[in-house]
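> predicted structure and sequence below. I'll ask about it afterward.
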Amino acid sequence: MHSINIKGQDVELVAPASVADAYDCLTALGNNATRGMAAALGLCARGPHKPAARLKSHSQSDWLRFGGDVIDHYAKQGVALDEWLPQANEAVELVASVVSGTTHDEVTKAEGN
């Protein structure tokens, strides 16, 4: 766990516990880079200053919507894209570290398929 700072607010970043969530988040990143990075930030953020966005289901469209909600959260606070995107990149690295080394069978098993 480490802390990042977004416009004067400290946000803790924690690697996600779920391999399936990490895999789905990375898939969203492939579909829309900015929303996927925002979804990674939302997935990893902890603490009182984390984005006020929630993943409502685990469908692929909801991962992109979740990323959009994170983008909207920061926009409403007056935080420009370039002010949170570097921290989102750190979150993507944490998400990727969870998937790194796992096999397709392990991800499928974690998804319950």
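Everything's here; your move.
> show me where the protein has strands.
Ranges of strands in the chain, per DSSP state E, are 2-6, 9-13, 45-46.
> what bits of this structure have low per-residue confidence?
Counting by pLDDT under 70, the chain has low-confidence residues at 1-3, 58-60, 102-113.
> ok, now with 80
1-9, 57-61, 101-113 (pLDDT under 80).
> geometric centre of it: which residue is closest?
residue 40 (1.3 Å; Cα atoms, centre = their mean).
> who are the contact partners of the spatially closest residue to that one that is not a sequence neighbour?
Of all residues not flanking residue 40 in the chain, residue 91 sits nearest, at 4.1 Å (Cβ to Cβ, 6 or more residues apart in numbering). Any C-beta I mention is one placed from the backbone N, CA and C, and that applies to glycine too. Residues near residue 91 by Cβ atoms under 8 Å, 6 or more residues apart in numbering: 13, 37, 40, 41, 43, 44, 45.
> my guess is residue 43 contacts residue 16, does it?
Yes: in this structure, residue 43 is within contact of residue 16 by Cβ atoms under 8 Å, at 5.2 Å.
> what sits in contact with each of those two?
With Cβ under 8 Å, 6+ apart, residue 43 and residue 16 have common neighbours 22, 25, 95.
> which one of those has the most neighbours?
Counting neighbours by other Cβ atoms under 10 Å, the top entry in the shared contacts of residue 43 and residue 16 is residue 25, with 29 neighbours.
> pretty sure it sits against residue 62.
No: between residue 25 and residue 62 no contact is recorded; they are 11.2 Å apart, counting by Cβ under 8 Å.
> and for the two, which residues touch both?
Shared contacts of residue 25 and residue 62, defined by Cβ under 8 Å, 6+ apart, are absent.
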